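Q: dropping the sequence and predicted coords here.
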Amino acid sequence: MRILGTGSALPSQTVTNDMLAGFLDTNDEWISTRTGIKTRHILSDETLVDLATRAAQNAIASAGITPEDLDFIICSNVANNYVTPALSTIIQGNIGSNCPCVDLNGACAGFIYALDIAESFLKTDRAKKILILCAEEPTKFCNWQERSTSILFGDGAGAVVLGAGDDLKAIRLTASSKKEVLYYQRKMEPTPFEHNNEMTMPLVMNGRDVFRMAVSSSCSDIDFVLKEANMQSDEIDFFLLHQANMRIIEAIRTHVHQPTKKFPSNIQRYGNTSSASIPILIDELSREGHLPEGSQLLLSAFGAGFVTGACILTWHTIQY
Ligand code: ACO
(Lines give C-alpha, C1' and ligand atoms only; values in the text may rest on other atoms or scores of the structure.)
Protein backbone atom coordinates (compact mmCIF):
# COMPACT_ATOMS: atom_id res chain seq x y z
CA MET A 1 0.00 0.00 0.00
CA ARG A 2 0.80 3.64 -0.27
CA ILE A 3 -1.18 6.52 1.26
CA LEU A 4 -2.11 8.73 -1.69
CA GLY A 5 -4.41 11.25 0.02
CA THR A 6 -5.68 12.30 3.44
CA GLY A 7 -8.66 14.20 4.82
CA SER A 8 -10.35 15.05 8.09
CA ALA A 9 -13.30 16.95 9.47
CA LEU A 10 -14.26 18.10 12.95
CA PRO A 11 -17.49 19.50 14.37
CA SER A 12 -17.73 23.30 14.51
CA GLN A 13 -18.61 23.34 18.23
CA THR A 14 -15.50 23.57 20.46
CA VAL A 15 -16.01 22.65 24.11
CA THR A 16 -13.43 23.79 26.68
CA ASN A 17 -12.72 22.19 30.05
CA ASP A 18 -14.18 25.30 31.69
CA MET A 19 -17.44 24.74 29.79
CA LEU A 20 -17.60 21.18 31.20
CA ALA A 21 -16.92 22.53 34.69
CA GLY A 22 -20.11 24.55 34.26
CA PHE A 23 -22.24 21.39 34.66
CA LEU A 24 -19.87 18.69 35.97
CA ASP A 25 -17.93 18.52 39.24
CA THR A 26 -14.58 18.92 37.46
CA ASN A 27 -12.05 21.59 36.51
CA ASP A 28 -9.50 22.49 33.85
CA GLU A 29 -6.57 21.63 36.11
CA TRP A 30 -7.78 18.04 36.78
CA ILE A 31 -8.61 17.32 33.15
CA SER A 32 -5.39 18.89 31.78
CA THR A 33 -3.02 17.16 34.19
CA ARG A 34 -4.72 13.72 34.10
CA THR A 35 -5.40 13.57 30.36
CA GLY A 36 -3.67 16.42 28.47
CA ILE A 37 -7.03 17.49 27.00
CA LYS A 38 -7.89 21.23 26.88
CA THR A 39 -10.71 21.28 24.32
CA ARG A 40 -12.69 18.83 22.18
CA HIS A 41 -15.08 19.26 19.23
CA ILE A 42 -18.58 17.92 19.79
CA LEU A 43 -21.36 17.39 17.26
CA SER A 44 -24.20 19.86 17.68
CA ASP A 45 -25.81 21.07 14.42
CA GLU A 46 -23.91 18.79 12.02
CA THR A 47 -24.19 15.01 11.87
CA LEU A 48 -21.52 12.34 11.76
CA VAL A 49 -22.50 11.73 8.14
CA ASP A 50 -21.64 15.38 7.33
CA LEU A 51 -18.19 15.01 8.90
CA ALA A 52 -17.51 11.66 7.28
CA THR A 53 -18.53 12.96 3.85
CA ARG A 54 -16.23 15.99 4.17
CA ALA A 55 -13.26 13.91 5.35
CA ALA A 56 -13.78 11.43 2.49
CA GLN A 57 -14.06 14.19 -0.12
CA ASN A 58 -10.86 15.86 1.13
CA ALA A 59 -8.94 12.58 1.02
CA ILE A 60 -10.18 11.78 -2.50
CA ALA A 61 -9.32 15.30 -3.76
CA SER A 62 -5.81 15.18 -2.31
CA ALA A 63 -5.21 11.74 -3.87
CA GLY A 64 -5.98 13.28 -7.26
CA ILE A 65 -8.66 10.70 -8.06
CA THR A 66 -12.42 10.79 -8.52
CA PRO A 67 -14.96 8.90 -6.37
CA GLU A 68 -15.61 6.57 -9.35
CA ASP A 69 -11.97 5.44 -9.14
CA LEU A 70 -12.55 3.83 -5.72
CA ASP A 71 -12.74 0.01 -5.69
CA PHE A 72 -13.60 -0.40 -2.02
CA ILE A 73 -14.62 1.70 0.99
CA ILE A 74 -13.86 0.56 4.53
CA CYS A 75 -15.47 2.63 7.24
CA SER A 76 -14.27 2.26 10.81
CA ASN A 77 -17.04 3.20 13.23
CA VAL A 78 -17.92 1.98 16.71
CA ALA A 79 -21.55 3.15 16.65
CA ASN A 80 -23.77 5.72 15.03
CA ASN A 81 -27.53 6.15 14.90
CA TYR A 82 -27.88 3.97 11.80
CA VAL A 83 -27.64 0.37 12.92
CA THR A 84 -28.29 -0.42 9.28
CA PRO A 85 -27.40 0.38 6.54
CA ALA A 86 -23.67 0.59 7.06
CA LEU A 87 -22.27 4.12 7.37
CA SER A 88 -19.92 3.33 4.46
CA THR A 89 -22.89 2.86 2.12
CA ILE A 90 -24.37 6.22 3.15
CA ILE A 91 -21.06 7.96 2.50
CA GLN A 92 -20.65 6.09 -0.80
CA GLY A 93 -23.89 7.69 -2.00
CA ASN A 94 -22.93 11.15 -0.71
CA ILE A 95 -19.57 11.19 -2.48
CA GLY A 96 -20.90 9.63 -5.70
CA SER A 97 -18.94 6.39 -5.69
CA ASN A 98 -20.26 2.95 -6.69
CA CYS A 99 -17.84 0.42 -5.21
CA PRO A 100 -18.43 -2.25 -2.52
CA CYS A 101 -18.45 -0.94 1.05
CA VAL A 102 -18.09 -2.38 4.50
CA ASP A 103 -18.09 -1.05 8.07
CA LEU A 104 -15.83 -2.49 10.71
CA ASN A 105 -15.80 -2.04 14.45
CA GLY A 106 -12.22 -2.33 15.61
CA ALA A 107 -12.91 0.22 18.37
CA CYS A 108 -10.10 2.78 18.66
CA ALA A 109 -7.75 0.44 16.74
CA GLY A 110 -10.13 0.39 13.74
CA PHE A 111 -7.83 2.41 11.46
CA ILE A 112 -5.01 -0.11 11.78
CA TYR A 113 -7.42 -3.04 11.34
CA ALA A 114 -8.69 -1.33 8.17
CA LEU A 115 -5.14 -0.77 6.90
CA ASP A 116 -4.42 -4.49 7.22
CA ILE A 117 -7.60 -5.49 5.36
CA ALA A 118 -6.88 -2.91 2.65
CA GLU A 119 -3.32 -4.18 2.28
CA SER A 120 -4.59 -7.67 1.47
CA PHE A 121 -7.03 -6.34 -1.15
CA LEU A 122 -4.23 -4.30 -2.77
CA LYS A 123 -1.69 -7.13 -2.57
CA THR A 124 -4.03 -9.62 -4.25
CA ASP A 125 -5.04 -7.02 -6.87
CA ARG A 126 -8.69 -7.15 -5.73
CA ALA A 127 -8.60 -3.35 -5.58
CA LYS A 128 -6.43 -0.52 -6.90
CA LYS A 129 -7.82 2.39 -4.87
CA ILE A 130 -9.34 2.06 -1.40
CA LEU A 131 -10.88 4.69 0.86
CA ILE A 132 -10.49 4.13 4.59
CA LEU A 133 -12.77 6.40 6.54
CA CYS A 134 -12.82 6.54 10.33
CA ALA A 135 -15.86 8.43 11.60
CA GLU A 136 -16.70 8.48 15.27
CA GLU A 137 -19.07 10.18 17.69
CA PRO A 138 -18.03 8.74 21.07
CA THR A 139 -19.51 11.76 22.88
CA LYS A 140 -22.87 10.07 22.24
CA PHE A 141 -21.90 6.93 24.18
CA CYS A 142 -21.29 8.80 27.43
CA ASN A 143 -23.42 9.60 30.40
CA TRP A 144 -22.99 13.39 30.56
CA GLN A 145 -23.58 13.38 34.30
CA GLU A 146 -20.52 11.13 34.69
CA ARG A 147 -17.30 13.17 34.93
CA SER A 148 -14.83 10.29 34.62
CA THR A 149 -15.79 9.39 31.03
CA SER A 150 -17.52 12.34 29.35
CA ILE A 151 -14.48 14.64 29.69
CA LEU A 152 -12.33 12.30 27.59
CA PHE A 153 -14.03 12.24 24.21
CA GLY A 154 -14.52 14.33 21.09
CA ASP A 155 -16.13 13.64 17.71
CA GLY A 156 -14.38 13.64 14.35
CA ALA A 157 -13.59 11.92 11.07
CA GLY A 158 -10.30 11.09 9.36
CA ALA A 159 -9.73 9.42 6.00
CA VAL A 160 -7.01 8.14 3.71
CA VAL A 161 -6.99 6.93 0.12
CA LEU A 162 -4.68 4.00 -0.49
CA GLY A 163 -3.16 2.74 -3.71
CA ALA A 164 -0.59 0.08 -4.54
CA GLY A 165 2.91 0.40 -3.07
CA ASP A 166 5.31 -1.29 -0.71
CA ASP A 167 5.21 1.24 2.11
CA LEU A 168 3.86 -1.08 4.81
CA LYS A 169 6.89 -2.58 6.56
CA ALA A 170 5.20 -4.48 9.40
CA ILE A 171 1.79 -4.77 11.00
CA ARG A 172 0.31 -6.49 14.03
CA LEU A 173 -3.29 -6.85 15.19
CA THR A 174 -4.37 -8.41 18.49
CA ALA A 175 -7.63 -9.07 20.32
CA SER A 176 -8.34 -10.52 23.73
CA SER A 177 -11.89 -10.66 25.02
CA LYS A 178 -12.19 -8.34 28.05
CA LYS A 179 -15.62 -6.81 27.84
CA GLU A 180 -15.77 -5.62 31.42
CA VAL A 181 -13.06 -2.94 31.20
CA LEU A 182 -14.79 -0.84 28.53
CA TYR A 183 -18.25 -1.27 27.03
CA TYR A 184 -21.35 0.53 25.82
CA GLN A 185 -24.66 -1.27 25.34
CA ARG A 186 -27.20 0.13 22.92
CA LYS A 187 -30.94 -0.33 23.28
CA MET A 188 -32.55 -2.83 20.90
CA GLU A 189 -36.29 -3.23 20.31
CA PRO A 190 -38.07 -5.54 22.78
CA THR A 191 -39.55 -8.78 21.41
CA PRO A 192 -42.32 -10.92 22.96
CA PHE A 193 -39.87 -13.85 23.11
CA GLU A 194 -37.05 -12.40 25.15
CA HIS A 195 -36.97 -13.21 28.83
CA ASN A 196 -33.55 -11.97 29.90
CA ASN A 197 -33.88 -8.36 28.87
CA GLU A 198 -30.32 -7.09 29.37
CA MET A 199 -29.97 -3.65 30.90
CA THR A 200 -28.45 -1.07 28.57
CA MET A 201 -26.17 1.64 29.84
CA PRO A 202 -23.89 4.43 28.65
CA LEU A 203 -20.16 3.86 28.35
CA VAL A 204 -18.71 1.94 31.28
CA MET A 205 -14.97 2.22 31.71
CA ASN A 206 -12.48 1.05 34.28
CA GLY A 207 -10.03 3.86 33.55
CA ARG A 208 -7.12 2.42 35.50
CA ASP A 209 -7.38 -1.00 33.83
CA VAL A 210 -7.67 0.60 30.39
CA PHE A 211 -4.63 2.73 31.18
CA ARG A 212 -2.52 -0.24 32.27
CA MET A 213 -3.60 -2.45 29.35
CA ALA A 214 -3.08 0.38 26.88
CA VAL A 215 0.50 0.98 27.94
CA SER A 216 1.56 -2.66 28.18
CA SER A 217 -0.13 -3.78 24.94
CA SER A 218 1.09 -0.77 22.94
CA CYS A 219 4.66 -1.29 24.15
CA SER A 220 4.56 -4.96 23.21
CA ASP A 221 3.01 -4.20 19.78
CA ILE A 222 5.67 -1.57 19.12
CA ASP A 223 8.48 -3.97 20.06
CA PHE A 224 6.88 -6.60 17.81
CA VAL A 225 6.58 -4.43 14.67
CA LEU A 226 10.08 -2.97 15.15
CA LYS A 227 11.47 -6.52 15.28
CA GLU A 228 9.35 -7.58 12.30
CA ALA A 229 10.65 -4.62 10.25
CA ASN A 230 14.18 -5.22 11.53
CA MET A 231 14.36 -1.66 12.85
CA GLN A 232 15.42 0.09 16.06
CA SER A 233 13.19 2.67 17.71
CA ASP A 234 15.61 5.49 16.83
CA GLU A 235 15.06 4.71 13.12
CA ILE A 236 11.41 5.75 13.53
CA ASP A 237 10.85 9.44 12.70
CA PHE A 238 7.35 9.77 14.18
CA PHE A 239 5.29 7.66 16.57
CA LEU A 240 1.65 8.42 15.73
CA LEU A 241 -0.24 6.99 18.68
CA HIS A 242 -3.94 6.75 19.46
CA GLN A 243 -4.82 10.02 21.17
CA ALA A 244 -6.53 8.75 24.35
CA ASN A 245 -4.48 10.24 27.15
CA MET A 246 -1.24 12.25 27.14
CA ARG A 247 0.04 10.21 30.09
CA ILE A 248 -0.42 6.97 28.10
CA ILE A 249 1.55 8.53 25.22
CA GLU A 250 4.24 9.63 27.66
CA ALA A 251 4.52 6.14 29.20
CA ILE A 252 4.96 4.61 25.73
CA ARG A 253 7.52 7.29 24.85
CA THR A 254 9.53 6.40 27.94
CA HIS A 255 9.45 2.72 26.94
CA VAL A 256 11.00 3.40 23.52
CA HIS A 257 13.46 6.05 24.86
CA GLN A 258 12.70 8.56 22.13
CA PRO A 259 12.37 12.36 22.31
CA THR A 260 9.01 14.12 22.70
CA LYS A 261 9.34 15.76 19.27
CA LYS A 262 8.82 12.32 17.68
CA PHE A 263 5.36 12.05 19.33
CA PRO A 264 3.19 14.68 17.69
CA SER A 265 -0.22 14.97 19.31
CA ASN A 266 -3.49 16.82 18.98
CA ILE A 267 -5.31 15.35 21.99
CA GLN A 268 -4.99 18.80 23.60
CA ARG A 269 -7.46 20.16 21.02
CA TYR A 270 -9.62 17.15 20.07
CA GLY A 271 -9.74 14.73 23.01
CA ASN A 272 -10.17 11.04 22.18
CA THR A 273 -11.89 10.68 18.80
CA SER A 274 -11.63 6.87 18.88
CA SER A 275 -10.48 5.31 15.58
CA ALA A 276 -10.49 8.72 13.87
CA SER A 277 -7.65 10.01 16.07
CA ILE A 278 -4.69 8.64 14.06
CA PRO A 279 -6.00 9.54 10.56
CA ILE A 280 -6.93 13.06 11.79
CA LEU A 281 -3.39 13.43 13.17
CA ILE A 282 -1.84 12.17 9.91
CA ASP A 283 -3.99 14.57 7.86
CA GLU A 284 -3.00 17.57 9.99
CA LEU A 285 0.71 16.76 10.03
CA SER A 286 0.76 16.07 6.31
CA ARG A 287 -1.14 19.24 5.34
CA GLU A 288 1.11 21.34 7.59
CA GLY A 289 4.21 19.87 5.93
CA HIS A 290 5.50 18.13 9.06
CA LEU A 291 6.00 14.70 7.46
CA PRO A 292 9.09 14.80 5.22
CA GLU A 293 9.41 12.49 2.21
CA GLY A 294 10.63 9.04 3.27
CA SER A 295 9.79 9.44 6.98
CA GLN A 296 9.31 6.20 8.88
CA LEU A 297 6.01 6.27 10.78
CA LEU A 298 5.01 3.93 13.57
CA LEU A 299 1.26 3.84 14.26
CA SER A 300 -0.14 2.21 17.39
CA ALA A 301 -3.64 2.07 18.86
CA PHE A 302 -5.72 0.19 21.44
CA GLY A 303 -9.41 0.01 22.11
CA ALA A 304 -12.40 -1.74 23.62
CA GLY A 305 -12.44 -5.47 23.11
CA PHE A 306 -9.60 -5.37 24.12
CA VAL A 307 -8.06 -4.86 20.66
CA THR A 308 -4.77 -3.39 19.53
CA GLY A 309 -2.97 -2.67 16.31
CA ALA A 310 0.41 -1.28 15.29
CA CYS A 311 2.27 -0.86 12.03
CA ILE A 312 5.32 0.76 10.47
CA LEU A 313 5.09 2.52 7.14
CA THR A 314 7.21 4.75 4.95
CA TRP A 315 5.64 8.12 4.22
CA HIS A 316 5.51 9.77 0.79
CA THR A 317 4.53 13.44 0.69
CA ILE A 318 1.17 14.47 -0.71
CA GLN A 319 0.51 17.67 -2.69
CA TYR A 320 -2.63 19.49 -1.47
N1 ACO B 1 -12.74 15.76 37.41
C2 ACO B 1 -12.34 15.76 38.69
N3 ACO B 1 -12.13 14.64 39.39
C4 ACO B 1 -12.34 13.47 38.76
C5 ACO B 1 -12.76 13.40 37.42
C6 ACO B 1 -12.96 14.62 36.75
N7 ACO B 1 -13.35 14.67 35.44
N8 ACO B 1 -12.87 12.11 37.07
C9 ACO B 1 -12.54 11.39 38.14
N10 ACO B 1 -12.23 12.20 39.17
C11 ACO B 1 -11.80 11.84 40.52
C12 ACO B 1 -12.25 10.47 40.93
O13 ACO B 1 -13.55 10.50 41.44
C14 ACO B 1 -11.22 10.12 41.97
O15 ACO B 1 -11.57 10.73 43.16
P16 ACO B 1 -11.31 9.96 44.56
O17 ACO B 1 -9.82 9.80 44.65
O18 ACO B 1 -11.89 10.89 45.55
O19 ACO B 1 -12.02 8.65 44.45
C20 ACO B 1 -9.95 10.80 41.48
O21 ACO B 1 -10.38 11.81 40.56
C22 ACO B 1 -8.99 9.86 40.80
O23 ACO B 1 -9.71 9.11 39.83
P24 ACO B 1 -9.02 8.01 38.98
O25 ACO B 1 -10.04 7.37 38.07
O26 ACO B 1 -8.19 7.14 39.82
O27 ACO B 1 -8.05 8.93 38.10
P28 ACO B 1 -6.92 8.50 37.11
O29 ACO B 1 -5.67 9.20 37.48
O30 ACO B 1 -6.89 7.03 36.89
O31 ACO B 1 -7.43 9.18 35.77
C32 ACO B 1 -8.48 8.59 33.70
C33 ACO B 1 -8.66 8.78 35.20
C34 ACO B 1 -8.10 9.94 33.08
C35 ACO B 1 -9.81 8.13 33.08
C36 ACO B 1 -7.36 7.58 33.44
O37 ACO B 1 -7.57 6.41 34.21
C38 ACO B 1 -7.26 7.19 32.01
O39 ACO B 1 -6.97 8.01 31.13
N40 ACO B 1 -7.46 5.91 31.68
C41 ACO B 1 -7.47 5.48 30.33
C42 ACO B 1 -8.79 5.84 29.78
C43 ACO B 1 -8.82 5.77 28.29
O44 ACO B 1 -7.85 5.87 27.59
N45 ACO B 1 -10.00 5.62 27.83
C46 ACO B 1 -10.17 5.56 26.46
C47 ACO B 1 -11.32 4.73 26.24
S48 ACO B 1 -11.61 4.45 24.56
C49 ACO B 1 -10.19 4.07 24.01
O50 ACO B 1 -9.59 4.91 23.42
C51 ACO B 1 -9.69 2.79 24.28
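A: Okay, I see it. Please read these numbers as outputs of a predicted model, since none were measured by experiment.
Q: got the contact list for whatever residue of the stretch 1-150 of the chain ends up closest to the ligand?
A: When scored by CB to the nearest ligand atom, the stretch 1-150 of the chain has Thr26 as its residue closest to the ligand, at 3.2 Å. Glycine gets a C-beta too; all of them are placed from N, C-alpha and C. If you count contacts by CB atoms under 8 Å, 6 or more residues apart in numbering, Thr26 has them with Asn17, Leu20, Arg147, Ile151.
Q: in those, find the pair that's most separated.
A: By the measure CB to CB, Asn17 and Arg147 form the most distant pair in those, at 11.1 Å.
Q: now do the domain split for the chain, please.
A: Per automatic domain parsing, the domain ranges recorded for the chain read 2-166, 170-314.
Q: and the helix or strand containing Leu131, how far out from the chain middle?
A: Element membership of Leu131 [criterion: DSSP states H and E] is strand 130-136. Taking CA atoms, centre = their mean, to the nearest Å, one finds strand 130-136 lying 9 Å from the centre of the chain it belongs to.
Q: so for it, mean pLDDT?
A: On average, the pLDDT along strand 130-136 is 98.
Q: any residue of that strand up close to the ligand?
A: No. Using CB under 6 Å from any ligand atom, we find that strand 130-136 stays clear of the ligand, coming within 9.9 Å at best.
Q: following that strand, which helix or strand shows up next?
A: Next helix or strand after strand 130-136 toward the C-terminus (DSSP H and E): helix 147-150.
Q: contacts only, for Thr6.
A: Counting by CB under 8 Å, 6+ apart, Thr6 touches 58-59, 62, 158-161, 279, 282-283, 286-287, 318.
Q: again, only this time at 6 Å
A: Ala59, Val160, Ile282, Asp283, Ser286 (CB atoms under 6 Å, 6 or more residues apart in numbering).
Q: likewise for Leu299?
A: By CB under 6 Å, 6+ apart, Leu299 lies in contact with Ile112, Leu240, Ile278, Cys311.
Q: next step: those residues restricted to helices.
A: Ile112, Ile278 (DSSP state H).
Q: sorry, back to before: will you turn the contacts of Thr6 into a markdown table that also has secondary structure and distance to the ligand?
A: Shown next, in a markdown table, are the contacts of Thr6 (DSSP: H, G, I helix; E, B strand; the rest coil; distance: CB to the nearest ligand atom, whole Å):
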| residue | secondary structure | distance to the ligand |
| --- | --- | --- |
| Ala59 | helix | 22 |
| Val160 | strand | 20 |
| Ile282 | helix | 17 |
| Asp283 | helix | 19 |
| Ser286 | helix | 23 |
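Q: out of these, which is most surrounded?
A: Neighbour count (other CB atoms under 10 Å) singles out Val160 as the most crowded of the contacts of Thr6, with 31 neighbours.
Q: beta partners of that residue?
A: Thr6, Ile132 (DSSP bridges).
Q: quick check, it in contact with Ile3.
A: Yes. Using CB atoms under 6 Å, Val160 is in contact with Ile3, at 5.1 Å.
Q: so Asp221 belongs to a strand, correct?
A: No. Counting by DSSP: H, G, I helix; E, B strand; the rest coil, Asp221 is located in no strand; its state is helix.
Q: apart from its chain neighbours, what residue comes closest to the residue in the stretch 201-320 of the chain that the ligand sits nearest to?
A: Residue of the stretch 201-320 of the chain nearest the ligand, by CB to the nearest ligand atom: Gly207 (2.8 Å). Once flanking residues are discounted, Gly207 sits nearest to Ser148: 6.2 Å by CB to CB, 6 or more residues apart in numbering.
Q: measure that neighbour to Arg126 for me?
A: According to CB to CB, to the nearest Å, Ser148 stands 44 Å off from Arg126.
Q: the more surrounded of those two?
A: Between Ser148 and Arg126, Ser148 has the larger neighbour count (other CB under 10 Å), namely 15 against 12.
Q: could you check how far that one is from Asp25?
A: Ser148 is 11 Å from Asp25, where distance means CB to CB.
Q: so which residues of the stretch 151-300 of the chain form helices?
A: For the stretch 151-300 of the chain, applying DSSP state H, counting those that start in this stretch gives helices covering 207-228, 246-256, 267-270, 277-287.
Q: what residues of the first one count as buried?
A: The reference is to helix 207-228. Across helix 207-228, burial judged by 16 or more other CB atoms under 10 Å covers Val210, Met213, Ala214, Val215, Ser217, Ser218, Cys219, Asp221, Ile222, Val225, Leu226.
Q: the residue nearest to the second one when sequence neighbours are not counted: neighbouring residues, count only.
A: Same thing as Met213. Spatial nearest neighbour of Met213, chain neighbours left out: Phe306 (5.7 Å); criterion: CB to CB, 6+ apart. If you count neighbours by other CB under 10 Å, Phe306 ends up with 21.
Q: thanks again, I'm all set now.
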